[in-house]
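>>> have a look; sequence and predicted model below, questions after that.
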Amino acid sequence: MEATAMEEIIFCEENHTYTSESRQYRGITGILNKYLFPDKYRDIPEAILEKAKQRGTTCHNQMEMWINGMPYDIQNDEVVKMQKLLDGRIFTHSELLVSDYKNFATKIDAVEESNEGIILWDWKTTSILDKEYLSWQLSICAYFYELNFDKKVTQLMAGYITEKEVDIVPIVRIDDEHVIALLDAAAKNEEFFMNPLKSDILSQEAVLNKIYEIEQIIVDCEKRVKEAKLKGEELRAGLLNQMIEKGLKRIETDRMLLTVKEPYERETLDSKKVKELAPDVYENCKKTTKIKESLLVKIK
């Protein structure tokens, strides 16, 4: 897909359309929702979506004015936190319109010029940061940006802005060949598009991110289990000694039944030795039990 001559495209905020003198361009959100994320907002009530949309618009406007050197007198606390995280970065554009100048157009929330090159940003205010969606969205933006400005995009970033969390998150860029394939399918109004990345980098990254999210919880739980086991063993040993000293064999409470078991010898079969000395007997007597998959956790 090659860029044609650039023409002025006007974005209408009210109905979210992109129009030039010669044609109307389609936005990216509709493409992503149709071909890759059709159920993204299916179970979310309309009232909640509208409230989230209004909050998102407010945060975007405050970030745009801050980048343009005209910050609001009153800003959301989480927006101020994001601005502090970004302090010192050089942003050259905010709400930059880019297009293939054939069929599609979109806006980039912010463009940064760094020593490493061009960085494209998107501000997200959703309760959960959908990195897979962002990968497609920002990769399309990067493809259009490079068509329009003949500059290499070196990194994609998300500015995650919520009341509970403010963070800067790197986003994986999808190869241009996949981006072009998606745009071509949308341009031809094809019915379906097969996502080529479902089982590759993005899914692996999702697993890693989930591990990072629950890592501390697992560590804390394993530590508490170990401590509880040691404490339980100490209490059992203490109770056993006291019952033996008092000559008690059995104590019953509302919640427990304590019984002193007499010492005994237990015989076991050395299966490894049987296999060496009598392999036929071992084969005839062995029992196979299927064990389902499990996770071995070792705390460092």
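Now that the structure is in, tell me what you want to look at.

>>> wouldn't residue 259 be in contact with residue 250 here?
Yes: applying CB atoms under 8 Å as the test, residue 259 and residue 250 come out as touching, 5.2 Å apart. Where C-beta positions appear, they are placed from N, C-alpha and C, glycine not excepted.

>>> ok, now which ones touch the residue lying closest to residue 104 once chain neighbours are set aside?
In space, and not counting its chain neighbours, residue 104 is closest to residue 26: 5.3 Å by CB to CB, 6 or more residues apart in numbering. By CB atoms under 8 Å, 6 or more residues apart in numbering, the contact set of residue 26 is 18, 103-105, 186.

>>> now those: which count as buried?
With burial judged by 16 or more other CB atoms under 10 Å, the buried subset of the contacts of residue 26 is 18, 103-105, 186.

>>> report the two of the residues you listed separated the most.
18 and 186 (14.1 Å; CB to CB).

>>> sorry, back to before: just the buried ones among the contacts of residue 26 now: which is nearest residue 31?
residue 186 (4.5 Å).

>>> tell me which residues in whichever strand or helix holds the closest one are buried?
According to DSSP states H and E, residue 186 maps onto helix 176-187. Within helix 176-187, the residues that count as buried by 16+ other CB under 10 Å are 178-179, 182-183, 185-186.

>>> want to throw these into a markdown table with pLDDT and distance to residue 85?
A markdown table is the format used below for the buried residues of helix 176-187 (pLDDT from 0 to 100; distance: CB to CB, whole Å):
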| residue | pLDDT | distance to residue 85 |
| --- | --- | --- |
| 178 | 94 | 31 |
| 179 | 96 | 28 |
| 182 | 96 | 32 |
| 183 | 96 | 33 |
| 185 | 94 | 37 |
| 186 | 95 | 35 |
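
>>> can you lay out the residues you listed as CSV showing distance to residue 291?
Formatted as CSV, the buried residues of helix 176-187 follow (distance: CB to CB, whole Å):
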residue, distance to residue 291
178, 40
179, 44
182, 43
183, 48
185, 45
186, 48
